[in-house]
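# pasting a predicted model and its sequence here:
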Amino acid sequence: MKFRTRAIHVGSEPDATGAVIPPIYLATTFIQPGAGEWGTFDYSRSGSPTRARVEKVLADLEGAAGALAFSSGMAATHCAMMLLEAGSHVIASNDIYGGTYRLLHKICSRNQIEVSLVAAHDSESIADAIRPNTKMVWIESIGNPLITIPDIPSIASITRPAGILLGVDSTFVPPSILRPIELGADIVMHSATKLLGGHSDCLAGVLAARDRELHDRLYYTQNATGAVLGGLESFLLHRGIKTLALRVREQSRSALRIAQWLERHPKVRRVLYPGLASHPQHARASKYMGDQFGTVISFELTGDIAETKRVCSATQLFGLAVSLGAVESLIEQPATMSHASYDSTARATAGISDSLIRLSVGLEDADDLIADLDQAIGSQP
């Protein structure tokens, strides 16, 4: 079956009642057949019928041996990092979500985990950063917020022979567009709060694993630490997945139109969107993503930080808020919002300037969104 069909039917098989939509199980514990005899489910931290259904479709759509649903994207990322022992070295992109930067540098570092940030869109920079104790490379399929595009197969050809795990945060590029495991990744993470859920009403995270042994290691940690997705959130995530491909296709079309319009605007210094021919990795994005380049655009204004903040506050349809990927459009200034947890020097080194603005393009009419940006950028203080 094709992707859209599987997104609707896998994990939604009718139960004994014949209900078209499976029920939500909110039970926290389950009756067992006997003392020391375990049924399929025992305690909801270890698994539940509703969570099992959404994990089934996630694994199917990612082409993974198994998937795990977490209470947030950061909980999922943390679980992946707990595969590492003290003294391990991690190579990560310098273009990553601020929360991941904080986790690596402020939390994992307490356990003697060393971190090196590199330009992950240049595979050679990853090869050059490998040390004897390097155990993981962590990249994003589209970098946040500078929209860099790594060459996943090239990086996998470096990590796999060396026995280094390759983890890909693919929050910006859902499996309807790109499936990193098929390109050589070992672990795929999604902040499912974003495109997978798609409606800003479900906080969730996902890990998908290439093989069963790795999945079981991740499951053991998840069960031991308990950052699991609840029944209601599992239902909402599963519901969102059913329309994922259609939503992202339309949002990507609008994003390309808006990016093209921004590129012509006299008050815009540069536009970062992989669908533009001007993007440094446009050919790579086209090779791996086809004609859908995601829903997020970053751009820099010609003005200063005060002008950037003014524009972010002047939009009427774009809500000034962090997050992305939902049906409503959002705008934010990474330097003071999503990436404020970066050390200032690291932010400058990565190229996250004070004049950078990040857009999440929703499902509104593209003409209306362009008109909103036009009045915000063009209006006077």
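Nice, I can see it.
# residues near the closest residue to G226 other than its chain neighbours, how many?
In space, and not counting its chain neighbours, G226 is closest to R45: 5.2 Å by C-beta to C-beta, 6 or more residues apart in numbering. Bear in mind the C-beta positions are built from the backbone N, C-alpha and C, glycine included. As a burial measure, R45 scores 15 neighbours (other C-beta atoms under 10 Å).
# past the host helix or strand of E307, which element shows up next along the chain?
For E307, the enclosing helix or strand under DSSP states H and E is helix 305-314. Beyond helix 305-314 on the C-terminal side, the first helix or strand identified by DSSP H and E is strand 319-320.
# from the contact counts, what lies against that following strand?
If you count contacts as 3 or more C-beta pairs under 8 Å, 6 or more residues apart in numbering; DSSP states H and E, strand 319-320 packs onto strand 330-332.
# what residues sit buried inside the strand it packs on?
Residues of strand 330-332 classed as buried by neighbour count (16 or more other C-beta atoms under 10 Å): L330, I331, E332.
# residue ranges in this structure under the pLDDT threshold?
Low-confidence regions of the chain, defined by pLDDT under 70, span residues 379-381.
# can you give me the helices for it?
For the chain, the helices defined by DSSP state H occupy 3-9, 49-62, 73-81, 98-102, 123-129, 152-159, 212-225, 231-242, 244-263, 282-289, 305-314, 344-350, 366-378.
# what comes up buried for the second one?
Residues of helix 49-62 classed as buried under the neighbour-count rule (16+ other C-beta under 10 Å) are 49-51, 53-62.
# format these as a markdown table; extra columns: distance to V137.
Below are the buried residues of helix 49-62 laid out as a markdown table (distance: C-beta to C-beta, whole Å):
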| residue | distance to V137 |
| --- | --- |
| P49 | 35 |
| T50 | 33 |
| R51 | 29 |
| R53 | 32 |
| V54 | 28 |
| E55 | 25 |
| K56 | 28 |
| V57 | 27 |
| L58 | 22 |
| A59 | 22 |
| D60 | 26 |
| L61 | 23 |
| E62 | 19 |
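# and the residues you listed, which two are furthest apart?
Across these, the longest distance by C-beta to C-beta is 20.8 Å; it joins P49 and E62.
# which one among the buried residues of strand 330-332 gets closest to N144?
Among those, E332 lies closest to N144 (C-beta to C-beta), at 11.2 Å.
# partners of the closest one in the sheet?
According to DSSP bridges, the partner residues bridging E332 are R358.
# before we move on, what about Y43?
With beta bridges defined as DSSP bridges, Y43 has these partners: T29.
# got the contact list for the spatially most central residue of the chain?
For the chain, the residue nearest the mean C-alpha position is T171 (1.5 Å; C-alpha atoms, centre = their mean). With contact set as C-beta atoms under 8 Å, 6 or more residues apart in numbering, T171 has these partners: G73, Y97, E140, N144, M189, H190, S191, K194, L195, G325.
# grab the nearest non-local neighbour of it.
S191 (4.5 Å).
# please tell me how far that neighbour sits from A76.
For S191, the distance to A76 equals 8 Å [C-beta to C-beta, to the nearest Å].
# what sits in contact with each of those two?
Common neighbours of S191 and A76, using C-beta under 8 Å, 6+ apart, are G205.
# for stretch 188-203, measure first residue to last.
By C-alpha to C-alpha, to the nearest Å, the extent of stretch 188-203 from end to end equals 18 Å.
# okay, buried residues for it please.
For stretch 188-203, the neighbour count (16+ other C-beta under 10 Å) marks 188-200, 202-203 as buried.
# also stretch 63-83?
64-83.
# run the chain-centre distance for that stretch.
Mean-position distance between stretch 63-83 and its chain equals 12 Å (C-alpha atoms, centre = their mean, to the nearest Å).
# and if you look at stretch 230-241?
Centroid separation between stretch 230-241 and its chain, computed with C-alpha atoms, centre = their mean, is 17 Å.
# likewise for stretch 21-34?
30 Å.
# buried residues in it?
Neighbour-count burial for stretch 21-34, counted by 16+ other C-beta under 10 Å, picks out P22, I24, Y25, F30.
# kindly report the same for stretch 12-23.
Of the residues in stretch 12-23, S12, P22 count as buried by neighbour count, 16+ other C-beta under 10 Å.
# if I look at E263, how far off is P274?
The gap separating E263 from P274 is 13 Å, by C-beta to C-beta.
# what do you get for K56?
To P274, K56 is 31 Å away according to C-beta to C-beta.
# got it, and T171?
Relative to P274, T171 is positioned 15 Å away (C-beta to C-beta).
# and I187, by the same measure?
Using C-beta to C-beta, we find I187 at a distance of 23 Å from P274.
# the spatially closest residue to L229 that is not a sequence neighbour bridge partners, please.
Of all residues not flanking L229 in the chain, A69 sits nearest, at 3.9 Å (C-beta to C-beta, 6+ apart). As for beta bridges, A69 partners with V206 under DSSP bridges.
# start the count at 643 instead of 1 going forward.
Right, with 643 as the first residue, what we last looked at is A711.
# wait, doesn't A711 sit right on H880?
No. A711 is beyond contact range of H880, at 9.4 Å (criterion: C-beta atoms under 8 Å).
# what touches both of those two?
Counting by C-beta under 8 Å, 6+ apart, the contacts common to A711 and H880 are V696.
# re the thing from before, got the contact list for the residue nearest to G868?
N865, G868, V870.
# same check, this time on H880
By C-beta under 8 Å, 6+ apart, the neighbours of H880 are G653, S654, T692, R695, V696, V699.
# what's the distance between the first one and P976?
Relative to P976, G653 is positioned 35 Å away (C-beta to C-beta).
# also the third one?
Between T692 and P976 the distance, using C-beta to C-beta, works out to 35 Å.
# equivalent analysis for the second one, please.
To P976, S654 is 37 Å away according to C-beta to C-beta.
# no further queries at this time; thank you.
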